[in-house]
Structure formats: structure tokens, C-alpha cells
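1. can't give you the sequence, but here's the structure:
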């Protein structure tokens, strides 16, 4: 390894320490070998400026992106969560936007959290919001395109969804809770009761983020279609899972499709 | 009186256009910019904020591009690190270069991480021949890849390496000459580093190859006594304006951006700083045209007295790649 790379790797590793560097005798010795220092700050103190910046910048970024989660946890648990996350999950993307991409999975492992299920739901919601906020734009599905598909081709048609659409099943009313937490300032917001729901998160033509609650049957169908299942196979799979609703599926799928296209969730149909 | 001075004979700004005086594009100013279309010569945008698929960021960028030229300024390239910038990053940047028709692209002379970890910071480089070689090779390749003029910014720092074998200004000069790239000359960073590391900022300003300065940054900072932090917060202080004036006298008319990234004030406050820059620039160009000038003693740039500030001043968070990436989310049920 070159001298340049060696000193850079040494410095970069130190900046993720969770303890002040001047307190570490080994760091003080190493720093004095690599860093000049001056009459005001020792080498370790100069390094410490960068270490503090790492933690401040990244914790501030996570607060900005996960206001609902931080609101649920409160200061102490939030700090413990974030310190653990940043210590275990190194940031690898050049964009701070991606800093929280593994936070929902990390929250799921943190069963010490007081409102664990609620926190998991909120983390998943807020990461989905980040993903669809700046996802690629897509053009509306043209009626002429739909009309051109032969009736027999619909059986194996695959739906292409807009990149700015995400499906999320939640156990708590996290969308509403998040809104209340963001508006609450320092006023306490009560923890809600369980209220399972199937949500479609989407970016509207106004470029704002919206959510729509759908039934379990519709959600199951949307999920299979979003995964690339052909239309008939997806309908049959959902009917098997919800046998009491088989007739509903058959009579509703056309109406649902038109609604999904109107909302610009579906932006193309690939038919053979 | 100082020595006689004659401007360099090279093509100024490496032939790049003088776009005038502009400001950094920041989210809090969007409503005023779109409503009023204020007089701004150009905007500087943080590249990474717009290296996204779509949504509000790209929509706002399109609205700005309708009425103003923009230049791209990156914060995440980390050109001097153990690994070169990724091909994926450079390809996305190139897409944005083509889309925005930016006259040039800038980023920082720094490293940003190691072993696949990105620290989202502008970490200082040792001023060594090895570091020069590494950066030169990459800078040449990046400029070729982007197919647009590339320039590196002199970065503020809070430490220097014991292994450095040259002054920072020689390090910067060597790199830009050998790589044949431009300089984004940040005079606030010169001031910050002069304070933090104990050198005469005028020596830095005079030493760099002025014909390679394609753009200048001016900004505020936060003086914590033992060191200055490059917060881009607050107005530009007089000694930094003096360095700016000196730079324009030496380099000629150069595109200038006022940066204000933290505790961002209303648009009119930042525009007033831009007008201040314009006045100083015009004044300095008048002096330059005479082609002979001295440096009166009273205009030498003093470093402020190092006073101890209250303990409740905390280290800062640099306004940087997040400020425009994440707009307010509006949600409602349907």
C-alpha cells in the first residue's frame, strides 16, 4: 500500500470512532506521527474536529430523513439507535440520501426499542418516502396504448409500475402519526393503537408524496403485479389466497386497472 | 509601495466565459427565485443533489435552467482518495453535465473516505509528490471523460500532515498545471487555512497560476478562537473581501459565487452579498486595467486576533449535499 493510501485509510477509520480521539493514548501517539499539530491544537485534537463533524453531519442527515422515527423514540433511544447504526453500518454511497437505506432492517433487529413494531413501520415508511421522492419520472399510460392490446393478450400482460410507487403494509397508522409528529414541535403526541393497513405510496403529478389505503385483496394483487407476475396468474394466485373474494376479483380487476392507470401507478403494459 | 506587477500573458480563465457574479442555489430561496426571477448572473448547484432520477429536485432544476445559466459544483468526488471516483458516479455526473450544459464542473481537492466507506466530508490531502501524481492522473482522466472543463477547489482544512513536503499553494499549482485543469479559487478557504495553519494568505493568492482560475468562491465562516470552521455561515468578512479583490486584480474578471449554506437568510440578503462582490470586482478590474499597481501597507490582510469564544459554540455541520436533496414532504390520503 502506498504511503498516501496508508495515511488516508488510517485517518478515515478513526473518524468513525464513537469516542473522542484525544482520550485515546494510542491515537495520540499515532496522530503525532502523521499530523503536524500547532501551538493551539494537538494532532489528536485536530483529528477530533473531523470526527465530530462525521457524527454531527450523519446524525443530522438521519434526523432530517426520519423525523417520524426520531419522534417516536425520543432523544435517548434515538441517539442510541443512530450511534449503533452508524457504528455497524458504514456509509458507502456518495450520496447522503442513501444513508438510511439499511436503517429499517437495523431497526427490525433492535428489539430493545420500547415501541418496536411501531418503530419498524415508521422506518419502513420513511425510507420508502425517500425512495419515491426523487425516483425517475414516468409518462402516463396512454389510453390508445391500452386500447391497442388484444383481448387475448391481457392474460399474460405484465404491468410496469411508475418508479415513484411503493407498496407498504403497516401495523400502525404511521402516516398520520408522522404528520402529527412533524407538526407537534415539543408537544407530546400519543402513541396510537394498532391499525393494520395496506398502503400504496406514490408521487403525484404535483410531485408531492401521497398515500392511498387499499383492501387486502387489492394490495395482494398489486404486489404480485409489481413483482412482474402476468395478470391472469396474479389474479388466480390472489383468488386462491382469498377464496371468499374470488368473485370480487373477477368483477373488479378491470375497474382497478383503470384506477391504477388514472393514478399513474401503472405506466405501461407489456403484452406478448 | 510594492513591486510593479504585470498581468500574465496567458488566456485568462483558460478561455472559459466570465459569467459574472452569482450565488449558490438553495432550497429556501426557491419560492422567491421562481416568483420574482431576481437578477442573478448565474447559479451554482451542488451536482449530487440533482444526480437523481426525477421528482422535485429535477423539476426545480428545470425551472432554474429556463431562466439562468448554472454551473455544477460537486462535494462527493473525493478525487484524492485511495480509490478513484467510481465509474458509475462519473457517468451520472456526465449525464448531468450534458443536461445542464454547464460551462465547467468543479469539485474539491480532497479525499472523502477509504475502503468503500464514504465519510461525506472534504478531508485534507498531504502535500506530497505522490499525492500530486495521484490527483493529476485522475483529474486528466475525469476532464477527458466529462468532456467539459474540470476545476478543483482549494479546500479548507483543520490539520496538515507531517509528511507534507511543499506549501499548499505549490501543491495546488503543481496539480492544476500538470493536469491542465482549472482552479476554483476559494478565497475564504485561503483565509481559513491561513488562520488555522499560520501562513500569509496573500502568499497563497499570489502564488497560484491566475490564468487557471475559472471561478472564485467567497463565503463566511465561524471563528472558534483556536481554529476557524468553514461553515459558509454569515456574511463575508472584510479580510476575505480583500483577498477577493487581490485575486481579481491578479486574475482579471472571473466568475464569482457567493456561498451561504448554513442559517440561510432570505434571498435578498445573499443577493446583497453578491452585489458587494460585484462592486469589489468592478473596483478591482479598474485597478487591474492600469496594469501597474502596488499593495499599500494598509491593504495587507490581517488575521483576526485569536480570541477564545464561549464554550457553548459547538462544531458545525457543513451545509453541503443535503440542502437541496430533500424537500418538504406533503402527504394526504385520497
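-> Okay, I see it. Values in this document were obtained by computation on a predicted structure and should not be read as measured data.

2. from here on, contacts and neighbour counts on C-alpha atoms
-> OK.

3. low-scoring pLDDT stretches of chain B, where are they?
-> B:1-10, B:290-334 (pLDDT under 70).

4. could you pull out the helices for it?
-> B:30-36, B:55-67, B:87-100, B:129-146, B:168-179, B:187-197, B:201-207, B:238-251, B:267-289 (DSSP state H).

5. columns mean neighbour count and distance to chain A on top of those, output as TSV?
-> Shown next, in TSV, are those (neighbours: other C-alpha atoms under 10 Å in any protein chain shown; distance: least, C-alpha to the nearest C-alpha, whole Å):
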stretch	mean neighbour count	distance to chain A
helix B:30-36	13	15
helix B:55-67	17	4
helix B:87-100	15	8
helix B:129-146	18	7
helix B:168-179	20	14
helix B:187-197	25	7
helix B:201-207	18	17
helix B:238-251	22	22
helix B:267-289	17	23
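
6. which of the ones you listed sits closest to residue B:23?
-> Residue B:23 lies closest to helix B:267-289 among the helices of chain B, at 6.9 Å (C-alpha to C-alpha).

7. on that earlier part again, quick one, which of the helices of chain B is nearest to residue A:252?
-> helix B:55-67 (31.2 Å).

8. check the offset of the closest one from the chain's centre.
-> Centroid displacement of helix B:55-67 relative to its chain, using C-alpha atoms, centre = their mean, to the nearest Å, is 22 Å.

9. try stretch A:253-266
-> Using C-alpha atoms, centre = their mean, the offset of stretch A:253-266 from its chain centre is 25 Å.

10. how about stretch B:232-239: buried residues?
-> B:232, B:233, B:234, B:235, B:236, B:239 (16 or more other C-alpha atoms under 10 Å in any protein chain shown).

11. let me fix that: stretch A:90-106
-> By neighbour count on 16+ other C-alpha under 10 Å, the buried set for stretch A:90-106 is A:91-104, A:106.

12. what's the closest of the buried residues of stretch B:232-239 to residue A:192?
-> Distances from residue A:192 to the buried residues of stretch B:232-239, taken by C-alpha to C-alpha, are shortest for residue B:233, at 40.3 Å.

13. surely that closest one meets residue B:265?
-> No. Contact criterion C-alpha atoms under 8 Å: residue B:233 and residue B:265 do not qualify, at 9.5 Å.

14. residue in the stretch 51-200 of chain A with the shortest distance to chain B?
-> residue A:136 (3.9 Å; C-alpha to the nearest C-alpha).

15. so what's the nearest residue to that residue once chain neighbours are set aside up against?
-> Nearest residue to residue A:136 in three dimensions, chain neighbours excluded: residue B:53, at 3.9 Å (C-alpha to C-alpha, 6 or more residues apart in numbering or on different chains). Residues in contact with residue B:53 (C-alpha atoms under 8 Å, 6 or more residues apart in numbering or on different chains) are A:134, A:135, A:136, A:137.

16. closest one to residue B:204 out of the buried residues of stretch B:232-239, please.
-> Distance to residue B:204 across those (C-alpha to C-alpha) is lowest for residue B:239, with 14.0 Å.

17. do you know how far that closest one is from residue A:244?
-> 78 Å (C-alpha to C-alpha, to the nearest Å).

18. I'd say residue A:4 and residue B:129 touch.
-> No. With contact defined as C-alpha under 8 Å, residue A:4 does not reach residue B:129; the gap is 9.9 Å.

19. buried set for stretch B:250-263?
-> In stretch B:250-263, counting by 16+ other C-alpha under 10 Å, buried: B:250-262.

20. repeat for stretch A:215-232
-> A:217-226, A:229-231.

21. filter those down to just the ones in helices.
-> Short answer: the buried residues of stretch A:215-232 in helices (DSSP H) are A:217, A:218, A:219, A:220, A:221, A:222, A:223, A:224, A:225, A:226, A:231.
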